[in-house]
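S.K.: quick one, what's the 3D model for this:
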Amino acid sequence: MLHGAIIGSDGSTVPARSGMMAAVFHPFFLVTLSPFGRFLRPVVAILLTGFVLWRADPTAVLQSGARADLRWIGLAVLLVIGDRALMAWRWIKLLCPIPASARPPLWPLLQVFFVSTFAGTFLPASVGGDLVRAYGLARLQVPRAPALASVLMDRLLGVVAIVGVGLAGLVAVGPRQLVSNVSVLASLAVAAAAVLLGGALVFSEGAADWVRQRAERLPIARVRALVGELTVATRAYALFRPELAHVLFGSVAVQAVRIIQAYCLGRALGISAPFVVYTAFVPIILLIMLLPISINGIGPSQAGFVWLFGLAGTPAADAFALSVLFVALGVVGNLPGGVLYARSFRTRMLRPQPGRSFD
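M.R.: Next comes the predicted model:
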C-alpha cells in the first residue's frame with residue numbers, strides 16, 4: 001500500500017485520494033514507461049546531441065559559450081519568473097470545471113505544478129510532466145477525468161499559442177528563403193491539424209461521440225472507461241469559453257516571454273539575427289521539443305536550433321551554444337519544483353497517514 005497526504009502552507013493536511021488513479025500514475029521517479037522507451041529516449045538524446053555537436057565543431061561551440069555576456073543571460077534568467085508564473089496561473093485557471101467547493105487549495109496546487117515541471121526535466125518531453133501533474137491532482141481528491149482534462153487542455157492551448165505566434169513570426173519575416181522552406185511550413189501545419197482535432201473534441205458533440213464510439217472497441221475495460229470519462233470532462237470546457245480565452249491569452253504571453261528569453265541568450269552569444277527571426281523559429285523549436293522521443297527535449301532542441309537558425313545565416317556553433325543555454329534556462333526554471341519535492345513530496349507527501357491508502 002502507498003499512503004500519503006499533501007501538507008498545506010498553513011500546516012493543514014490535504015488528504016490523498018484512494019482508488020485506481022494511483023495504479024495509473026506513479027511519482028515521477030516511478031512513472032510507468034516501457035523498458036524500450038526508457039532505453040531509447042536517453043539514446044536519442046545522447047546520439048542526436050553528439051551528432052549535432054560534432055557537425056557544429058565542439059571547439060567552436062566552446063569558444064562561442066566562453067564569450068557569452070553574463071548580463072544578457074542574467075536578464076533571461078529573470079524572465080523565467082514571469083514565464084513560470086504565467087504557466088502556473090493558466091493551469092490553475094483551467095480547473096474551472098471543478099466546483100469551487102471541491103477545488104484544492106492554492107498552495108497544494110502550486111506544489112503539484114512546480115514539482116511536475118521539475119519531473120519534466122527527467123521524463124519524456126510533453127508527456128512525463130503532464131502525467132505527474134495529473135497524478136498530483138488525483139492525490140488532492142480531484143477525479144481522474146478532470147485531472148487529465150486539465151493538463152490536456154493546458155497542452156492544447158499551449159500548442160494553439162505556439163502555432164499562432166509562429167505563423168505571425170513567419171509573416172513578419174517576409175518573403176525570405178526560410179518562409180518558403182517546406183519543412184518549416186510542414187511543422188506548423190501538423191501542429192495546426194492537431195489543434196483542430198483537439199478543438200473539435202471540445203466544441204463538437206459529434207466529434208466527442210465519434211471518440212466514445214471508437215473507445216468502446218478498446219479491449220481493456222479500464223481504458224474504455226477512462227477515455228469515456230475524459231471525453232466528458234474535456235467537453236465540459238465548452239461551457240467555459242471566457243476562461244479558455246483568458247488561458248489562451250496567457251499562453252501567448254508565455255510564448256512571447258520564451259522568445260524574448262531566446263533573444264537575450266542569442267545577444268549574450270553575439271548572434272546577429274534580428275528579433276523577428278526568433279519570433280518565427282523559437283515556436284517551431286518548442287514544437288520540436290514537445291516530441292516525446294528524448295528526455296527534456298535534449299537532442300531535438302539542438303538539432304532544431306542549428307537547422308532553423310542556420311537558415312538565417314547563424315553559424316552552427318553559435319546556434320548549438322544557444323540551444324544549450326535555452327535548455328539550461330528551462331532547467332533553472334524547474335529548480336523550485338526540485339526544492340519543493342525534496343522538502344515536501346519526499347518527506348511529507350509519502351509519509352504514512354493512518355486511514356489513507358492507495359489501493
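
S.K.: so which elements touch whichever strand or helix holds A60?
M.R.: For A60, the element it lies in under DSSP states H and E is helix 58-66. When contacts are defined as 3 or more C-beta pairs under 8 Å, 6 or more residues apart in numbering; DSSP states H and E, helix 58-66 packs onto helix 316-340. All C-beta spots, glycine's among them, are computed from the backbone N, C-alpha and C.

S.K.: against which helices or strands is the helix or strand following the helix holding A60 packed?
M.R.: Using DSSP H and E, the helix or strand that follows helix 58-66 towards the C-terminus is helix 70-93. Counting contacts by 3+ C-beta pairs under 8 Å, 6+ apart, helix 70-93 packs against helix 106-119, helix 144-173, helix 241-268, helix 316-340.

S.K.: helix 70-93 versus helix 316-340: what angle between them?
M.R.: Counting by axes from the mean of the first three to the mean of the last three C-alpha atoms, to 10 degrees, helix 70-93 points 50 degrees away from the direction of helix 316-340.

S.K.: and helix 70-93, what's buried?
M.R.: Neighbour-count burial for helix 70-93, counted by 16 or more other C-beta atoms under 10 Å, picks out 72-73, 75-77, 79-80, 83-84, 86-93.

S.K.: quick check: which ranges of the stretch 101-250 of the chain have low pLDDT?
M.R.: Filtered on pLDDT under 70, the stretch 101-250 of the chain yields the residue ranges 124-126, 174-185.

S.K.: can you rerun that using 80?
M.R.: Residues of the stretch 101-250 of the chain that meet the criterion pLDDT under 80 lie in 122-128, 170-230, 232.

S.K.: outside of the helix holding A60, which residues touch it?
M.R.: Outside helix 58-66, the residues within contact range by C-beta atoms under 8 Å, 6 or more residues apart in numbering are L53, L269, G270, P315, A316, A317, D318, F320, A321, V324, L325.

S.K.: tell me the gap between it and the middle of its chain.
M.R.: Distance of helix 58-66 from its chain centroid, counting by C-alpha atoms, centre = their mean, to the nearest Å, is 29 Å.

S.K.: so who does P143 touch?
M.R.: E229, A233.

S.K.: for E229, see how far away it is.
M.R.: 8 Å (C-beta to C-beta, to the nearest Å).

S.K.: mind listing what's buried along stretch 242-262?
M.R.: By 16+ other C-beta under 10 Å, the buried positions in stretch 242-262 come out as 243-244, 246-248, 250-262.

S.K.: go on, stretch 59-72?
M.R.: V61, S64, G65, A68, W72.

S.K.: can I get the CA coordinates of stretch 292-310 in PDB?
M.R.: Taking Å, rounded to 0.1, in the frame of the first residue of the first chain, the C-alpha atoms of stretch 292-310 are listed here in PDB:
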ATOM      1  CA  PRO A 292       8.300  12.600 -26.600                       C
ATOM      2  CA  ILE A 293      11.400  11.000 -28.200                       C
ATOM      3  CA  SER A 294      14.000  12.200 -25.800                       C
ATOM      4  CA  ILE A 295      14.500  13.500 -22.300                       C
ATOM      5  CA  ASN A 296      13.500  17.100 -21.700                       C
ATOM      6  CA  GLY A 297      13.800  17.800 -25.400                       C
ATOM      7  CA  ILE A 298      17.600  17.300 -25.400                       C
ATOM      8  CA  GLY A 299      18.800  16.400 -28.800                       C
ATOM      9  CA  PRO A 300      15.800  17.500 -30.800                       C
ATOM     10  CA  SER A 301      16.200  21.100 -29.500                       C
ATOM     11  CA  GLN A 302      19.900  21.100 -30.500                       C
ATOM     12  CA  ALA A 303      19.000  19.900 -34.000                       C
ATOM     13  CA  GLY A 304      16.200  22.400 -34.200                       C
ATOM     14  CA  PHE A 305      18.300  25.400 -33.300                       C
ATOM     15  CA  VAL A 306      21.100  24.500 -35.600                       C
ATOM     16  CA  TRP A 307      18.800  23.700 -38.500                       C
ATOM     17  CA  LEU A 308      16.500  26.700 -38.300                       C
ATOM     18  CA  PHE A 309      18.900  29.400 -37.300                       C
ATOM     19  CA  GLY A 310      21.200  28.100 -40.000                       C
END
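
S.K.: hmm, who's touching stretch 256-266?
M.R.: Contacts to stretch 256-266, defined as C-beta under 8 Å, 6+ apart, come from residues 72-73, 75-76, 79-80, 82-83, 86, 165, 169, 273, 275, 278-279, 282-283, 286, 322, 325-326, 329.

S.K.: using CSV, write out every CA atom in it.
M.R.: Provided in CSV are the C-alpha atoms of stretch 256-266 (Å, rounded to 0.1, in the frame of the first residue of the first chain):
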residue,chain,number,x,y,z
ALA,A,256,6.3,35.8,-26.1
VAL,A,257,8.4,35.6,-22.9
ARG,A,258,10.2,32.5,-24.2
ILE,A,259,11.0,34.2,-27.5
ILE,A,260,12.4,37.2,-25.6
GLN,A,261,14.5,34.7,-23.4
ALA,A,262,15.9,33.1,-26.5
TYR,A,263,16.7,36.6,-28.0
CYS,A,264,18.5,37.6,-24.8
LEU,A,265,20.6,34.4,-24.9
GLY,A,266,21.4,35.0,-28.6
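
S.K.: any idea of the mean pLDDT in it?
M.R.: Throughout stretch 256-266, pLDDT has a mean value of 96.

S.K.: grab the nearest non-local neighbour of A273.
M.R.: The shortest distance from A273 to any non-neighbouring residue, by C-beta to C-beta, 6 or more residues apart in numbering, is to A312 (5.0 Å).
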